[in-house]
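# prediction below, plus the sequence it came from.
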Amino acid sequence: MKFIFADSLDHVDPGYDFLRDRYSEGRTPYWDDAYPHEIMGYAPYKGMLVSRGIVGGAAVGGKYTEAQSMRFRRVGAREFLRLDKPAFEHLPIFGDCGAFTYHKEEKPPYTPEDTAEFYDDARFTHGCSVDHIIFDFDESLTGFEGGTEEARRRFEITLENAAAFRTATQHMSNRFTPMGVIQGWSPGSMAESARRLVTMGYDYLALGGTVPLKAAQIKSCLIAIRDAIPQTTRLHILGFAKADEIHTFGSFNITSFDTTSPLIRAFKDAKANYFLPTKSGKLEYYTAIRVPQALENPKLQRLAKRGSLNQERLVSMEKTALAALRSYDKGEAQMEETLDSVLAYATPAVLGTTIDELPGAKAVKDLRDRYERTLRDRPWKRCNCPICSALSIEVVIFRASNRNKRRGIHNLGVYDALVDQLPSNSGRNDNIEIPSDQSQTERSAHSPFICSASI
C-alpha cells in the first residue's frame with residue numbers, strides 16, 4: 001500500500017528568512033522554489049499525483065498559470081515536478097481529471113481521447129479515465145438497486161468514458177498504465193462499476209467519490225468491490241480524506257492511495273497541525289502556535305478598527321510573542337511566561353477578542369492547554385527530519401505560507417514512514433511498475449536545494 005502525494009504546486013522558498021518573514025532576495029516563484037522531495041533531500045511519498053483540473057487549460061481554468069500549463073505538457077510531468085533526477089526516477093506519477101473541479105457541469109469537459117493525449121504528452125506513468133463524480137450515497141441499498149436518475153446518468157457517463165479511454169490508450173499501453181475509475185451511489189453500484197471495468201480489460205482501478213464518505217462507508221464499498229473483482233486487480237483510492245485511519249484499511253489489498261491531508265492539516269486543521277509517530281503505529285498530533293502577522297490578520301484588523309487594540313500595540317505584542325517562543329526554545333525563558341506572552345497575542349488573533357474580555361472562558365483555557373502541551377512536549381526536538389533540524393521551534397509557529405507548508409512537508413515524511421511500517425505492508429512487494437517505454441534522462445542525483453532556513 002503506497003502513499004501517493006496529490007500535488008497542487010506545493011513548493012516553498014528554500015532561502016526564506018524566518019526572522020524577518022521575507023522571501024529570499026530576487027526569488028522567482030516555482031523556478032527558485034523547492035518541492036517537498038527537494039527541501040527534504042528525499043521523497044516523503046511513494047509517488048505524486050497531478051489532476052488535470054489543477055493544471056488547467058482551455059476547457060477548465062486550473063491553478064497553474066498559462067505558461068506553467070504549457071511547460072508541463074512540453075517538458076512532461078517528471079521534469080516539471082523535478083522528479084527527473086536518478087534519486088526520484090523510480091517514483092510513479094499518477095494523473096486524474098480532478099472531477100470535483102467540474103462537478104456542477106452536465107458532463108465532463110474532457111473527452112477520453114484528449115485525456116489520453118494529455119497523459120501521454122506529459123508522460124505520466126499512470127492515468128485515470130474520465131469520471132463524473134456521484135455525491136449520492138446510501139450504504140443500505142442492496143446490489144444495483146436505488147440511485148437517483150442523475151446518479152445513474154453519471155454512472156453510465158463514467159463507464160462509457162472508461163470504455164472509450166481504454167480504446168484510446170491501446171497504442172499507448174507501454175507508455176503509461178490506464179486506470180478505470182469507479183463511481184457509484186452505494187457499495188453494490190460501485191462493485192458493479194468495478195466488475196464492468198475489469199471486463200473492459202482494466203487491471204488497475206481507482207475508487208472515486210470517497211471524500212465525503214466516512215471510513216466505515218469506504219470499507220463497505222471496498223468489501224463489495226473486492227467480492228466482485230479478482231484479487232489480482234490492483235486498487236487505488238482517489239482523494240483519500242481519512243488518511244489518519246489508513247492503519248485500519250490493511251485487509252482490503254489496496255495497492256495505492258493519494259491524499260494531501262498531512263500537508264493541508266498543517267494549516268487548515270484547528271488542532272492537529274504537527275504530526276509525530278507513536279510506538280503503537282498511529283499518529284500523535286500537536287497544535288501549532290498561532291502568531292499571525294499583526295498587520296495582515298483579519299481578526300486583528302477588526303479589533304484595531306473598533307479601537308480594542310491599536311496597530312502599534314499589536315505589532316509590539318507580535319514581536320513579544322515571537323521573542324518569547326524563541327527564548328523558550330533556547331532555554332532562556334520559562335514556559336508559563338512564554339504562554340502568557342503568546343496567549344495575550346494569540347487569543348485576539350484566534351478568538352477575535354482580547355484575553356481581558358474573556359477571563360476564564362473555556363475557549364481560552366482550551367487554547368492554553370493545547371499550546372502548553374506543545375511547549376511542554378517540545379515535539380520539534382523529537383524529530384530529526386531536515387525541516388525540524390533546520391527550523392527548531394519555528395516549525396510549530398503557525399504563521400504565513402512558507403512556515404506552514406514546511407510543517408506540512410514534515411507531516412508528509414512522518415506519514416509516509418507510518419504507512420511503510422503498517423503490519424499490512426510487511427513482506428509485501430507493492431512496487432508500482434513504471435511502463436517500460438518511459439525513458440528518463442540521466443541527471444545529477446544531487447538536489448540544488450537544502451533545508452537551510454535563515455534563522
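Yep, that arrived.

# which parts of stretch 233-246 are buried?
233-244, 246 (16 or more other C-beta atoms under 10 Å). Glycine gets a C-beta too; all of them are placed from N, C-alpha and C.

# closest to Cys383 among those?
Within the buried residues of stretch 233-246, the smallest distance to Cys383 is 17.6 Å, found for Asp244 (C-beta to C-beta).

# pretty sure the closest one sits against Ser261.
Yes - judged on C-beta atoms under 8 Å, Asp244 makes contact with Ser261 at a distance of 7.3 Å.

# mind listing the helices for the stretch 201-350 of the chain?
215-228, 261-268, 298-305, 311-329, 335-351 (DSSP state H, counting those that start in this stretch).

# residue contacts, Val129?
Just so we're on the same page, residue 129 is Ser rather than Val. Counting by C-beta atoms under 8 Å, 6 or more residues apart in numbering, Ser129 touches Pro112, Thr115, Thr158, Asn161, Ala162, Phe165, Arg166, Pro178, Met179, Gly180, Val181.

# and the buried residues of stretch 233-246, which two are furthest apart?
Based on C-beta to C-beta, the longest span within those runs between Thr233 and Asp244 and measures 26.6 Å.

# low-confidence ranges, the stretch 301-450 of the chain, go.
352, 354-360, 426-431, 436-450 (pLDDT under 70).

# for it, what spans make up the strands?
Ranges of strands in the stretch 301-450 of the chain, per DSSP state E, counting those that start in this stretch, are 397-398.

# ok so, going back, for the buried residues of stretch 233-246, which one is nearest Arg52?
Checking the buried residues of stretch 233-246 one by one against Arg52 (C-beta to C-beta), the nearest turns out to be Leu238, at 12.9 Å.

# thought that closest one was touching Ala206?
Yes - with contact defined as C-beta under 8 Å, Leu238 counts as touching Ala206 (5.1 Å).

# quick one: common contacting residues for the two?
Contacts common to Leu238 and Ala206, judged by C-beta under 8 Å, 6+ apart, are Asp96, Cys128, Val181.

# what residues are bridge-paired with the second one?
It stands for Cys128. When assigned by DSSP bridges, Cys128 has beta-bridge partners Met179.

# about what we covered before: in strands, which of the buried residues of stretch 233-246 appear?
Arg234, Leu235, His236, Ile237 (DSSP state E).

# the first one and Asp269, how far apart?
In this case it means Arg234. 31 Å (C-beta to C-beta, to the nearest Å).

# repeat for the second one
Shown here: Leu235 relative to Asp269, a distance of 28 Å by C-beta to C-beta.

# cool, the last one as well?
With distances defined as C-beta to C-beta, the gap from Ile237 to Asp269 amounts to 21 Å.
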